[in-house]
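Peer 1: Sequence plus predicted model, see below.
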Number of protein chains: 2
Amino acid sequence: MMSIKDIARLAGVSPSTVSRVINQKKYVKPELRERIMAVVKETGYVPSHAARSMVLKRSFTVGIVIPYAFNMFQRQLFAIIERQLETHGYHTLFFFAKWEPEHELHCLRRLKSENLDGIIMLHEVIHPDFYAYLAHAPMPVVLCTFDRGNLACPSVHVDEEAAARDATAHLIGLGHRRIGFIAGSHFSFAAQRASGYRAALASASIAYDERLVAEVPSYIAEDGLAGMRELLARKPGLSAVFATTDELAIGAMRAIYEAGLRVPEDISVVGFDDIDVSAYLAPGLTTVAQPIEAIGRKTAEVMSRLISGEAYGDLSAVFGHRLVVRESAAPPR
Amino acid sequence: MMSIKDIARLAGVSPSTVSRVINQKKYVKPELRERIMAVVKETGYVPSHAARSMVLKRSFTVGIVIPYAFNMFQRQLFAIIERQLETHGYHTLFFFAKWEPEHELHCLRRLKSENLDGIIMLHEVIHPDFYAYLAHAPMPVVLCTFDRGNLACPSVHVDEEAAARDATAHLIGLGHRRIGFIAGSHFSFAAQRASGYRAALASASIAYDERLVAEVPSYIAEDGLAGMRELLARKPGLSAVFATTDELAIGAMRAIYEAGLRVPEDISVVGFDDIDVSAYLAPGLTTVAQPIEAIGRKTAEVMSRLISGEAYGDLSAVFGHRLVVRESAAPPR
DNA sequence: GTGAAAGCGCTAACAC
DNA sequence: GTGTTAGCGCTTTCAC
């Protein structure tokens, strides 16, 4: 492996000059600069990441905490963030956090041991120790897809409540009055989407009926299936259901199918997230789309500005959502 | 940040001794070892990754090349590999490769510049330069989910052809004779699955009819939709269809739905991969499952053995597959 | 068994 | 503008 000394020797200059050229510092004669760049190009020299990061005391890598079982929405999001971060010159280290206190702690230990330049939370962890660390972390932290009032760091997300309100209002607009809700738990977006559901009901003067609500522990299709089965078993006379996520909605559609009912003829379904597969279901799932690309780019941008020393100021951003109307929701019969 | 000197001072020994203890070298009195470990634990000291990797000339990170638009199967796979690699003490750097020559080259440049300890290919790239590099790469390379005859490196995968043969045979066993095929392209698994389809047909003495085959450029549901539409438009009188991947199968089911037909009453569908959502479709998708966990663990294991200097020998592994029978395939009417 | 010292590749003061 | 030098945190001879 070539070192900076080799390049210096080949170009007939000192290592410091090479360093200056590589790091785009001024005070180097254009002529020399060109000569050095030529050698660099020719030899394919790449500075040692390890050495730079040792002397600069920066790792040039940002950590992204994501759920171990991330969904398609998160998949797209972190691929976008990774790509953006790369263009800003940062490495990305992923920290898959399982949704168990024990594993979160393990994840936190790793996070601490990495000397990261920044941390992006794509996942709302549970453990208080985690937040305690983030609150006083020696590097910038950005929250993506959720907010956390008492944490003084920027967050990039949509207005979950407004989006859920729109989704529910869509069902109401179609003529539904008995609208089921498959409620998630633990994460703040679940609470926000739930309150959007209630708000929409309230503005239409529909009484909230807890028999129409099934709370499920997680966000996989399996839970949607179980939640919808429960709702169906209660026979609350529902004609539509709003699920906290598309995965949950898919499970719900499955339960409806298993019960010998049809979507949307018997029961309308609306989801949230617009994951890849939703457009191709039969029927296509009506859902709420978040501007993934914009959220990802913004998150990376905020992080890179924070790392370059910008004040925390008002870097947070709230993006708009979009209701994607497909076939899974129709007027009640 | 604590350095090894601080620990040495606190423990009243020299840095070299601390280093020996941390690196599990012998020649340290148990008593001293304990004293040092106590200080390490107490201070939460973690050796600087950068410094270690500089002096050892190893990055302790392995790169994983994955498609930029990875599917759920790959999602699970790389999360498993990451986790395993972590337990072996390696970092994982992801290289998202878009499926364009230009971007592959970009990806290759990054790969070269990283001083990786190993490379795992979870993605069959196209560019010859990429393979040229891999063939003489200064670090071990492991191919995961595909094989490449002329590349002298271990690969971990299933017997794609046999699996596709089973999937097709399942349809034949159900009584289907006119079986459509949505063929992928570019990747070797596509060719292998295609030849499995033909082999199954041949053993049942069913003539291969190219009017039953739609070749699509990629592997997203969109392509499955287009491919199936084409098949339907040709009116070849098919009663079943086998799709190269589950995503393609989902798109195909959508096309059947749009045509006013039903699965499996009018047309049976079989996919390949058993992605998360397949079990929750209505009807559930009959498909071929690969042992993701085993493939992932094996890949990480092979890589870590290679890095620790084991000879290339016969580290490759071929895993068995499993036909998952659900409701999307039934006897023809 | 343990410590002292050199050196990995780089950057940043500091000279010149 | 450019070179010299020190030093980042670690591992590894080489003495003792």
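Peer 2: Received the coordinates, thanks.

Peer 1: Residue A:186 contacts residue A:125, correct?
Peer 2: No: between residue A:186 and residue A:125 there is no contact under Cβ atoms under 8 Å: 10.1 Å. Where you see a C-beta, it was placed from the backbone N, CA and C, and this is true even at glycine.

Peer 1: Check which residues of stretch A:106-124 are buried.
Peer 2: For stretch A:106-124, a neighbour-count test (16 or more other Cβ atoms under 10 Å in any protein chain shown) marks A:107-108, A:110-111, A:114-124 as buried.

Peer 1: Oh, that last question was meant for stretch A:210-230, not what I typed.
Peer 2: Using 16+ other Cβ under 10 Å as the test for burial, stretch A:210-230 gives A:212-216, A:218-230.

Peer 1: next one: stretch A:54-70
Peer 2: A:54, A:58-70.

Peer 1: Neighbours of the residue in the stretch 151-300 of chain A that DNA strand C sits nearest to, how many?
Peer 2: With Cβ to the nearest atom of the strand as the measure, residue A:300 is the residue of the stretch 151-300 of chain A nearest to DNA strand C, at 22.8 Å. For residue A:300, the neighbour count with other Cβ atoms under 10 Å in any protein chain shown is 27.

Peer 1: Now do it against residue B:91, distance only.
Peer 2: As judged by Cβ to Cβ, to the nearest Å, residue A:300 and residue B:91 stand 20 Å apart.

Peer 1: residues contacting residue A:240?
Peer 2: Contact analysis of residue A:240 by Cβ atoms under 8 Å, 6 or more residues apart in numbering or on different chains lists A:171, A:174, A:176, A:178-180, A:267-270, A:329, A:332.

Peer 1: Buried ones only from those, please, as a ChimeraX command.
Peer 2: Buried residues within the contacts of residue A:240, by 16+ other Cβ under 10 Å, are selected in ChimeraX with:
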select /A:171,174,176,179,180,267,268,269,270,329,332
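
Peer 1: so does stretch A:175-183 get close to chain B?
Peer 2: No: using Cβ under 8 Å from any Cβ of the partner chain, stretch A:175-183 never reaches chain B; the gap is at least 13.5 Å.

Peer 1: I meant stretch A:266-286, not that one.
Peer 2: Yes: with Cβ under 8 Å from any Cβ as the measure, stretch A:266-286 is seen reaching chain B through A:276-277, A:279-284.

Peer 1: So for that stretch, what gets flagged as buried?
Peer 2: Going by neighbour count (16+ other Cβ under 10 Å), the buried part of stretch A:266-286 is A:267-286.

Peer 1: just stretch A:306-315 next, same as before
Peer 2: Of the residues in stretch A:306-315, A:306-307, A:315 count as buried by neighbour count, 16+ other Cβ under 10 Å.

Peer 1: give the contact list for residue A:175.
Peer 2: Shown in contact with residue A:175 (Cβ under 8 Å, 6+ apart): A:331-332.

Peer 1: Let me know the pLDDT of it.
Peer 2: Note on residue A:175: pLDDT of 98.

Peer 1: What separation do you get for it and residue B:95?
Peer 2: Separation of residue A:175 from residue B:95 (Cβ to Cβ): 51 Å.
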